[in-house]
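>>> fold the following for me, if possible:
(2 chains)
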There are 2 protein chains.
Amino acid sequence: MENKLQALKSMLHEINDLRAAANVIYWDQTTYMPPGGGAAHGRQLATLARITQEKLREPKLRELLAELEAYGQSMPYESNEASLIRVAWRDHEKARRVPPDFQAKVKAHQSESYQVWANARPENDFAAVQPYLEKTLDLSLQYAEYFPDSAHVADPLIERADYGLTVDILRELFSKLRDQLVPLVQKISAKQAMDNSSLFQFFPEQEQLNFGRKVIEQYGYDFNRGRQDKTLHPYMIRFSGNDVRITTRVDENRFDDALFGTLHEAGHALYELGINPSLAGTLLAKGTSSGVHESQSRLWENQVGRSRPFWTYFYPQLQKTFPEQLGKTTEDEFYGALNKVTPSLIRVDADEVTYNLHVMIRFDLELDLLEGKLAVKDVPEAWHARYETDLGLRAIDDRDGVMQDVHWYDGYIGGAFQGYTLGNIMSALFFEQALKAHPEIPTEIAQGRFTTLRGWLEQHIYRHGRKFTAEELVQRVTGSPLMIDPYIRYLQKKYGELYDL
Amino acid sequence: MENKLQALKSMLHEINDLRAAANVIYWDQTTYMPPGGGAAHGRQLATLARITQEKLREPKLRELLAELEAYGQSMPYESNEASLIRVAWRDHEKARRVPPDFQAKVKAHQSESYQVWANARPENDFAAVQPYLEKTLDLSLQYAEYFPDSAHVADPLIERADYGLTVDILRELFSKLRDQLVPLVQKISAKQAMDNSSLFQFFPEQEQLNFGRKVIEQYGYDFNRGRQDKTLHPYMIRFSGNDVRITTRVDENRFDDALFGTLHEAGHALYELGINPSLAGTLLAKGTSSGVHESQSRLWENQVGRSRPFWTYFYPQLQKTFPEQLGKTTEDEFYGALNKVTPSLIRVDADEVTYNLHVMIRFDLELDLLEGKLAVKDVPEAWHARYETDLGLRAIDDRDGVMQDVHWYDGYIGGAFQGYTLGNIMSALFFEQALKAHPEIPTEIAQGRFTTLRGWLEQHIYRHGRKFTAEELVQRVTGSPLMIDPYIRYLQKKYGELYDL
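Next up, the predicted model:
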């Protein structure tokens, strides 16, 4: 059995290397690639995707998994061995449904589509991306067809990112959440609006980057095992357990975009860097789902980065960095400015309370597109209409409308956004548990110390990689299934205090 | 046949994509990779090398080639089709000799070895690289064993880089060349030494980079289809016909290192960028040999970049860039400084006349190592001894001795250096032919115009990629086999004038 397990690991290592290679190419494409390089990068990504899919479907892999199945079941559920065999089966079964040539076609299209979007967004040119988005919708529907046993066309796409979840479950969850959020937004709207003009001054790029870098180093992000570059849309990407990179973007005319983007991506990176090295090179060395991943990015961005203790520690340093801009703004005022609740147009810059409304709009539009109720050509207007209904705002163009997020332009339509709201919900669940175990965490944060929190997250979440599904992880950590109550409690307490509700 | 040819091309495209992916990873490893990323990058390179080798050896590929052979022979020798089938056969036959696991092992080792060297060189720590170099020697010998029909152990290694050449041929060629060079060096040494102190002043990095960039843009290097980054050892790398990158390094205390390194790598890049796009994605879209490649890097570096007309045009601009450093140096003096002939320690900074002596030292040491006459532990001293004999100099450490070039640390021992001298010889052959066809080229260079020269090179050399072997190419372009006479004539004329011989 030892030999067979070794043979399985060798096969999985190869798959892992091919995926990592594709990640290097994707990273290059979005950071340093000259304009001419796009077509070839797309072909390379397509070839790697095809070969990866072939390897995942290999009969030899299936044989090994069958031979190892009983052995896996004889081992403890959470052992590396049992988990590896269990998760590899799942991935193999899924891969068997999707032909390698289809995977290659999708990758080639996504790469091309990304590049068109990257050029079209600054030009506000939806016409340029429309045919690509139409093809993306076609490919998304084709992908779903490989899973004909699904209850909803979006289910296979959601499951790619958030295993175990379906449209039915999410609709119910989102509806409950909306019932709690809308009254909260209304209560806050009735109050005096906060002044956040201190954030909208000129903050030179290099100082912004340096400050963000200092914070995430203190979080524990290790620049010997990662780096930060600039991209159009920030993201985190893993090449290995010792090379997890993040990207950011900087708007010199506002302070929050770069910093909170940096904290967000660093949160993703801490998760990946914290996975047990014994899982390296296997299919387990990866965050377990989009939702759990976002719980970590959002936790380090919000529960930590937008908290009072965080700014107790960092605000004096920030004032020293930007004495002219912030010398006259008190910590109280700055904390309020950072947490101003107000309807807005851009998801990634939204406050914690209205943020999920942005996600729900996208989730619903994805379903409408996949169900054939909405044509791609009509999405820009549908976007504006929903923003007017839900947030009372209408963007003046598509750049800040349907073209604001990269997801539909470098991935599928379907399953792209629910992870953010799941992440918000779970960030509160996990943070509450961490505080229960270590009530000293806020005091430590106020001293710029993050090791207790990071250690707890590593112990309970990071190190497991994909051993447990999101559902299993939530159950293990909280003792109950996914609930929205802690998240609502968190919002009510924080914004109750801020807005004197 | 059309279908079979298409099938062949598809298989070759896949191989091409895998190699390009490996190149992206190599580039990342030497430019932006954080220290922790090395091990995984090595594994990825190994996996890609193994899969590439498997694909090159596939029986299906052999079948296709066999079925297409007669068709290929029925087409004109220089047609894309005939050339593709011919070169693919050659590559396939070679790949059949070398097991994929060996390729993977070599790549993993080379990647690790490179990283050790990159850290050890600044520390002058030969002890750190010695075990890696010993393993490299072992692997080089193992590689040679896959070709037991070779006359000399180094032949298969030389053939990897310069198809058609052998130790016997090169020894004779180098010996003839040495017979011409040594008296020339002696005659020059008898003359008054030139003053090149103007080159050794403080030249700020950014200005150096900007100046080099301006020159190569004028050469025709297109930054939309490439980019320049900094690495420990400069190189050129191809990701596709529209993404050919170069790297450089800058020494702020001397002017020539960055500029001529940049011109050199840009010469390589112009070759790759000039390959006919109809060959893209096949095995033909690549410079045909190390020697021909170096003929282009050396031509743009020396025949152009160290020529009088070049500086007639660029020196006034350079003086404007560095008025304090060069305001009082005349064009004549600067041209003399750049072409000062003097024994030196560093190959890449050597003048044109003594340069080949550096290459011959390395060539001989490679043969001694492969023949078992020299142990790796003794190379540092053997290096110093040869420099004393041949150039009358001894480096004070190994950093500027055996550790100065990257080649043995990220490649095989054997076949690593002969290409430079072959390139010098061929650069003169080709440049002479270009001047015969277009006597106006020097006048144009003096006006900063390079299109006639580049056009001629593209027409006669670049566009063919690997269609012709180096031997065939030389025969086509010059009407005779490789000769050293034009190179000697070039050196005698240029340095005869400079040193009044």
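
>>> make it CA atoms for all contacts and neighbour counts henceforth
Noted.

>>> for A:A428, which non-adjacent residue is closest in space?
A:Y487 (4.9 Å; Cα to Cα, 6 or more residues apart in numbering or on different chains).

>>> equivalent analysis for A:A375, please.
Nearest non-adjacent residue to A:A375, counting by Cα to Cα, 6+ apart: A:L369, 6.3 Å away.

>>> ok, now which ones touch that neighbour?
Contacts for A:L369 (Cα atoms under 8 Å, 6 or more residues apart in numbering or on different chains) come out as A:137, A:375-376.

>>> most neighbours among those, please name it.
Within these, A:L137 tops the neighbour count with 22 neighbours, counted by other Cα atoms under 10 Å in any protein chain shown.

>>> how close does A:I15 get to chain B?
9 Å (Cα to the nearest Cα, to the nearest Å).

>>> mind listing what's buried in whichever strand or helix holds that residue?
In the assignment (DSSP states H and E), A:I15 maps to helix A:2-31. Buried residues in helix A:2-31, defined by neighbour count with 16 or more other Cα atoms under 10 Å in any protein chain shown: A:5, A:8-9, A:11-30.

>>> shouldn't A:A39 be in contact with A:S113?
No. Look at A:A39 against A:S113 with Cα atoms under 8 Å: they stay out of range, at 10.8 Å.

>>> who has more neighbours, the two?
Between A:A39 and A:S113, counted using other Cα under 10 Å, A:S113 has the larger neighbour count: 25 against 17.

>>> quickly check: the helix or strand containing that one near chain B or not.
Assessed by DSSP H and E, A:S113 sits inside helix A:100-123. No. Helix A:100-123 lies out of reach of chain B by Cα under 8 Å from any Cα of the partner chain, never closer than 11.4 Å.

>>> list the helices and strands that helix packs on?
Here helix A:100-123 touches helix A:38-57, helix A:126-145, helix A:407-410, going by 3 or more Cα pairs under 8 Å, 6 or more residues apart in numbering or on different chains; DSSP states H and E.

>>> now do the helix or strand hosting the residue nearest to A:A428: distance to the chain's middle.
A:Y487 is part of helix A:485-499, with elements assigned from DSSP H and E. Centroid separation for helix A:485-499 versus its chain: 23 Å, with Cα atoms, centre = their mean, to the nearest Å.

>>> any buried residues in that helix, and which?
Within helix A:485-499, the residues that qualify as buried by neighbour count (16+ other Cα under 10 Å) are A:486-488, A:490-492, A:494-495, A:498-499.

>>> stretch A:241-255 now?
For stretch A:241-255, by 16+ other Cα under 10 Å, it's A:241-250, A:252, A:254-255.

>>> and that stretch, average pLDDT?
Stretch A:241-255 shows a mean pLDDT of 97.

>>> end to end on it, go ahead and measure it.
In stretch A:241-255, first residue to last residue: 31 Å (Cα to Cα, to the nearest Å).

>>> before we move on, the earlier item: separation between the residue nearest to A:A428 and chain B?
For A:Y487, the distance to chain B (Cα to the nearest Cα) stands at 36 Å.

>>> do the same with A:L5
To chain B, A:L5 is 19 Å away according to Cα to the nearest Cα.

>>> just the pLDDT at that residue, thanks.
We have a pLDDT of 96 for A:L5.

>>> A:D349 too?
For A:D349, the model assigns a pLDDT of 89.

>>> the one residue in the stretch 351-500 of chain A that gets nearest to chain B: how many residues sit nearby?
Relative to chain B, the nearest point of the stretch 351-500 of chain A is A:G465 (17.8 Å; Cα to the nearest Cα). Other residues near A:G465 number 23, with proximity taken as other Cα under 10 Å.

>>> now do the contacts for it.
Contacts for A:G465 were tallied using Cα under 8 Å, 6+ apart; they are A:272, A:275-276, A:279, A:284-288.

>>> where do the strands sit along chain A?
Per DSSP state E, chain A carries strands over the ranges A:228-230, A:236-240, A:243-248.

>>> those residues of the stretch 101-250 of chain A touching chain B, which are they?
Counting by Cα under 8 Å from any Cα, the stretch 101-250 of chain A comes close to chain B at A:223-227, A:239-240, A:242-243.

>>> can you tell me which of these are buried?
A:223, A:225-227, A:239-240, A:242-243.

>>> dump these to CSV, plus distance to A:Q418.
Output for those, formatted as CSV (distance: Cα to Cα, whole Å):
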residue, distance to A:Q418
A:F223, 30
A:R225, 29
A:G226, 27
A:R227, 28
A:F239, 25
A:S240, 26
A:N242, 29
A:D243, 27
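
>>> which among these gets closest to A:L259?
Nearest to A:L259 out of those is A:R227 (Cα to Cα; 15.3 Å).

>>> and the closest one, how close does it get to B:L68?
49 Å.

>>> then A:A434?
Counting by Cα to Cα, the gap from A:A434 to B:L68 is 67 Å.

>>> now A:K187
77 Å.

>>> which of those two has more neighbours?
Neighbour count, other Cα under 10 Å: between A:K187 and B:L68, B:L68 has more, with 21 against 13.

>>> doesn't B:L84 make contact with that one?
No. Using Cα under 8 Å, B:L68 makes no contact with B:L84, being 10.4 Å away.

>>> model confidence for A:P183, exactly?
Listed pLDDT for A:P183 reads 94.

>>> what's the burial count for it?
The number of residues packed near A:P183 is 11, by other Cα under 10 Å.

>>> likewise A:Q192?
As a burial measure, A:Q192 scores 8 neighbours (other Cα under 10 Å).

>>> now A:V379: closest residue in space, sequence neighbours ignored.
Leaving aside its sequence neighbours, A:V379 sits nearest to A:V402 (Cα to Cα, 6+ apart; 7.2 Å).

>>> what's near enough to touch the closest residue to A:L482 other than its chain neighbours?
Leaving aside its sequence neighbours, A:L482 sits nearest to A:V474 (Cα to Cα, 6+ apart; 6.3 Å). By Cα under 8 Å, 6+ apart, A:V474 lies in contact with A:426, A:480-482.

>>> now stretch A:173-181: how far from the chain's centre is it?
Distance of stretch A:173-181 from the chain centroid (Cα atoms, centre = their mean) equals 20 Å.

>>> try stretch A:396-406
Worked out by Cα atoms, centre = their mean, stretch A:396-406 lies 19 Å from the chain centre.

>>> any idea how far A:L370 is from A:D410?
17 Å.

>>> leaving out chain neighbours, which residue sits closest to the spatially most central residue of chain A?
Nearest to the mean C-alpha position of chain A, by Cα atoms, centre = their mean, lies A:E294 at 4.4 Å. Among residues not flanking A:E294 along the chain, A:G423 sits closest, at 4.3 Å (Cα to Cα, 6+ apart).

>>> what do you get for A:S83?
Nearest to A:S83 is A:K467, by Cα to Cα, 6+ apart, at 5.3 Å.

>>> residues contacting that neighbour?
Counting by Cα under 8 Å, 6+ apart, A:K467 has contacts A:78, A:80, A:83-84, A:87, A:284, A:288.

>>> what sits against A:L435?
So A:L435 contacts A:I441 (Cα under 8 Å, 6+ apart).

>>> again, only using 10 Å
The neighbours of A:L435, taking Cα atoms under 10 Å, 6 or more residues apart in numbering or on different chains as the test, are A:441-442, A:453, A:456.

>>> out of these, list just those in helices.
Judged by DSSP state H, helices contain the following of the contacts of A:L435: A:441-442, A:453, A:456.
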